[in-house]
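K.L.:
got a predicted structure plus its sequence, pasted below:
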Amino acid sequence: MPSISIDDVLLETKPLNALLAKAESPATRAVIAALIGDKEASENELAEARSEGGTAADEAIAWVALAEGDPARAEVAAARAGTPLGHALGADALLELSRRHEAEERLEAAGDHPFALIVRARFLPDPLPLLDDVPKRGVIGARARRLRAIALLEHDPPDVESAHSELSTAAWRLLRLGAVGELGRCYLTMADVEVANADPKDVEARQRAAQWLARAHPLLHRAGSVNDLERLRRAFRRYGRRAIDRLVDEDLEKHIEGVRRDRSRVQDLLAAAAEVRSTGGDTSALDAQLVDAMEGVGETQEQLIASLEQLVVDRERLGQLVAVCRKVFLLDTEEELDSSVASLALELGGVTCALYDLSGEEAVLVDRCGPPLPDPRQVAAAARASTDAGSPRSADDGDGTSIIIPLGERRPMAIAVRRLASKARVGTDDTERLQVFVSVVEAAYVRARHAAAVREAGARDAATLEAIREGVVTLDEEGHVRTTNAAARALLGIEAGVSDIRLRDIKGLRALAEAIERGVEDDAVPLPQVEVLVRSKRYPGGVVATLRELQSAQRLAQKLVGTAARFTFEDLIGRDPSFMDALADARRVAATDAPVLITGESGTGKELLAQAVHNASPRSHQPFVGLNVAAIPRELLESELFGYERGAFTGARARGHAGRFELADRGTVLLDEIGDMPYEMQAKMLRVLQERVVQRLGGTREIPVRARIIATTHRDLEQAVEDGAFRLDLFYRLRVVHLKLPPLRHRKGDVRLLVERYLARHSERTGRPPIQVAPEVMSDLERYDWPGNVRELSNLVEGVVALMPPDTSVWRETPATIRRALRASSFPAPPMVESAVQRALQPADIRPLEEVERRAVEMALEACSGNVAKAARALGVARQTLYNKMKRYDLR
Amino acid sequence: MVHSVELIFLQVGDVEGALPFYAKLGFEPRSRDDKGATLERGGTQIVLEAVDGYVPDPNEKVRASIAVPMEMMEALWDEATEVDPDAPGPSLVAEGVFEYIATDPSGNAVRLKSRLPELGR
């Protein structure tokens, strides 16, 4: 296998980490380590490469030196290498050193090496065509893409979209390669892309740019050069000020590190020269290197000193700015600000400061500090222009320059600071410092207006609080009572003005205090007089709680919708495995918020199960609100479900009406017979389930839906979906949990249990001795198919015991309807109705027409899987007629 | 019994044709019938509903957003570049993700998202 060269590394497309282990040459490994940001490994490999010598070592030295921002060292090593890559690297270094002519010569020698194309592009006004010729792969390809992006941004107008695309692809490749430094440079350029076409006032674009800089920072700190960090610092100055100080510190560290490195290099060279000299050898080559190294030391030290000086100046100016800003923070009202801002601005330098109000047509001078401006009209016009443009303006009066910065949007203003040209030039840094001050002043104005509004709102809130019917109480972090309204005081039995008392220290209120501090959502808590539903929510500094008398909350929902959840799992009787499975699933699902679909034939106990799920759930203290979809005319269904605003339609209540979802609040909504919901209504239901909001009819406000939804149906919804009568998406949303209740004829073993339970309940209720069932009667009951399921059985038992003479304690006779049905079911040939009519030869065989009709309807519905339209067609009657008959015989 | 899943509904003209596409995104079939198919990956379910002659609504640019690892995104991009060498690749978003709009065989545009891995920390 041929050894891997540096050229191979630069065009590699697979992760560089993996290549590191395969590379045999230390020079190649040094370049890979530098690319992946492992500086220590890179230096070690470079030392080994240096000791081995050769052109690869020089190429590596030149590459690493360029990556670290040391073009002088890179140029010397690249010249020694003498290879196409070496010449290209040398040309790049010479350009950095501003030796353009030599760089051109070096590029001639580099030929068409991919890196030479990249360097050559730097000479061209339009580098894009040449960069197109660079191979698209590897680190080289990614760098070419980044340079293309930079060129595209420099177009007029900038081609932001193409630049973004180039950088995205480059970043993708570099992430796959693990090339840390190049990736950092890509992110740095992304910051420029974000703001390239953005409005200067577009804060979000600047924030996005700052996000890229934050991503670039660790990468460049690890694998970037001094120049990269300087570019990053400049970008942070533009897009994200807060990070500057940290970067200044890091730059200093980098310079100090450079001084140490150069010093050790000089020491090594001196030691080597001493050794050569002691053996009488020629030290001229080492001397030349020593001169280079000494120059390097000088340059690095100069950089360090410049950074230190800049740091000192920056810190002093920063300290001054902080001190002035602190004074601004002490001003509380707009009036105080109006009269102080101008004098404070002058503390940052300048001879005159004027504050203008530009909310009217004329610029109004609010305050001035210092001697009058030589040309106030010129400055006022510039103030207007700066406010219109949203950016600073300057006005030169011959002796001095005024810089004008806009301030505020609700009340447009501008600050003008005049400095004498002979004493202080208005420079970029000064403008930036003044802008920081102005942004602080702007925030202070907003805060002052806010504070005034808060004072007003405080008085209004106090009045509102007192008017609320629910009790409201706030506690601080230590549990001291801070606020109460009249309702809370009535519930808690405390007087107005009570504060600084811990709620838990008040007799009888410890449980309440613990619940509030724990954070509860509609938990029932006993108080000395009543039980209340408590909901509490933390806020910074304390906790607020609402208290609602428990009975009143439940009564309200019941009063409005007439439903209540009375049944629990104890009321669902049966031992049949399929029934028990459904109950076990229902118990598990009760604790969750998942929507539940309960299916089963009419009379199997779907609503009972829904109530049981509600009562076993954490929502049991909340309302249970049911709606029989089949029973409500379709025109009224929407207003019943979602409510309506006043005047939504003719006949609407004057104050509007809350829908079931609103009434249920955090409780449960039962949508009984969902399968009968009109198709167009299903789309609206789907929206409720997906977006968890409702809108009242005629209203625009979105009301959040917090209720859990349980739907029931006797229909085969899958069939309805297939028939196009029910939406598939709604079906999936409702059927997150599907509970199927078996018909009683499939669990005949439970008939005895149910009968005994109903009889026992009857005797409990009436005080009569328990009624026994004759074995032959029980046998008939167990053989019967119970088309009306448990409801039919319950009604039958109730009817039988009601008619039993008071002195009878044994149920001896099977009811006639059951006897007849059992006889009919023993007839051989279906269809049963027809054969029964034909065979009605004996008077005992003749059954009432009503029963025959009822059976015919049942059979038709069963044969058509509950599809009413199909069953009506089969029976030869109109669909509405069939609905009427189903209602009459209580069939669903 | 109790599921907590993110559901994505998509209509497709050809369910069979769609399955390999979503398999590449790691979705495995959970159920299949003539009305469609349900696919699942982790906590996400895709319900494909078969609609004869389905054509996506041109006004609805993206039908679904799905988080995927970079490798899956890359595989789809590679396929796209086989057809068109200049096919646009994943796009960087400031929040720190790559976005890639892929088109399933029924023409549904699906937005894929991959979080940027962190190098250098």
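P.N.:
Ah, there it is.
K.L.:
output the longest helix belonging to chain A.
P.N.:
Taking DSSP state H as the criterion, chain A has its longest helix at helix A:284-329.
K.L.:
what's the model's confidence in it, averaged?
P.N.:
Averaging pLDDT along helix A:284-329 yields 75.
K.L.:
which element follows it toward the C-terminus?
P.N.:
Next helix or strand after helix A:284-329 toward the C-terminus (DSSP states H and E): helix A:334-346.
K.L.:
each with direction, which strands does the helix or strand just after that next one pair with?
P.N.:
Going down the chain from helix A:334-346, the next helix or strand is strand A:352-357, by DSSP H and E. According to DSSP bridges, strand A:352-357 has the following sheet partners: strand A:364-369 (antiparallel), strand A:413-420 (antiparallel).
K.L.:
A:Ser264 is nearest to which of these?
P.N.:
With CB to CB as the measure, strand A:413-420 is the member of the strands paired with strand A:352-357 nearest A:Ser264 (47.4 Å). All C-beta atoms are positioned from the backbone trio N, CA, C, and that covers glycine.
K.L.:
buried sites along the closest one?
P.N.:
By neighbour count on 16 or more other CB atoms under 10 Å in any protein chain shown, the buried set for strand A:413-420 is A:Met413, A:Ala414, A:Ile415, A:Ala416, A:Val417, A:Arg418, A:Arg419.
K.L.:
between those residues, which is closest to A:Gly508?
P.N.:
The shortest approach to A:Gly508 among these belongs to A:Met413, at 57.6 Å (CB to CB).
K.L.:
test my guess that the closest one contacts A:Leu365.
P.N.:
No - applying CB atoms under 8 Å, one finds A:Met413 not in contact with A:Leu365, separated by 10.9 Å.
K.L.:
mutual contacts of these two, please.
P.N.:
Shared contacts of A:Met413 and A:Leu365, defined by CB atoms under 8 Å, 6 or more residues apart in numbering or on different chains, comprise A:Leu355, A:Tyr356.
K.L.:
give me every residue that touches B:Asp14.
P.N.:
By CB under 8 Å, 6+ apart, the contact list for B:Asp14 reads B:Ala50, B:Pro105, B:Ser106.
K.L.:
between these, which sits nearest chain A?
P.N.:
B:Ala50 (10.4 Å; CB to the nearest CB).
K.L.:
how about the residues of chain A near chain B?
P.N.:
Proximity of chain A to chain B (CB under 8 Å from any CB of the partner chain) is limited to residues A:37, A:164-165, A:167-169, A:171-172, A:175-176, A:178, A:180, A:183-184, A:190, A:194, A:208-209, A:211-212, A:215, A:218-219, A:221-223, A:585, A:588-589, A:592, A:594, A:721-722, A:728-729, A:732-733, A:736-737.
K.L.:
helices of chain B, start to end?
P.N.:
Secondary structure of chain B (DSSP H): helices at B:15-24, B:70-83.
K.L.:
repeat for the stretch 701-850 of chain A
P.N.:
According to DSSP state H, counting those that start in this stretch, the stretch 701-850 of chain A carries its helices in the segments A:717-722, A:728-734, A:749-766, A:775-783, A:789-803, A:816-825, A:832-838, A:849-863.
K.L.:
pLDDT-wise, which helix or strand of chain A ranks last?
P.N.:
Least confident helix or strand, chain A: helix A:832-838 with a mean of 39, by mean pLDDT, DSSP states H and E.
K.L.:
cool, thanks, signing off.
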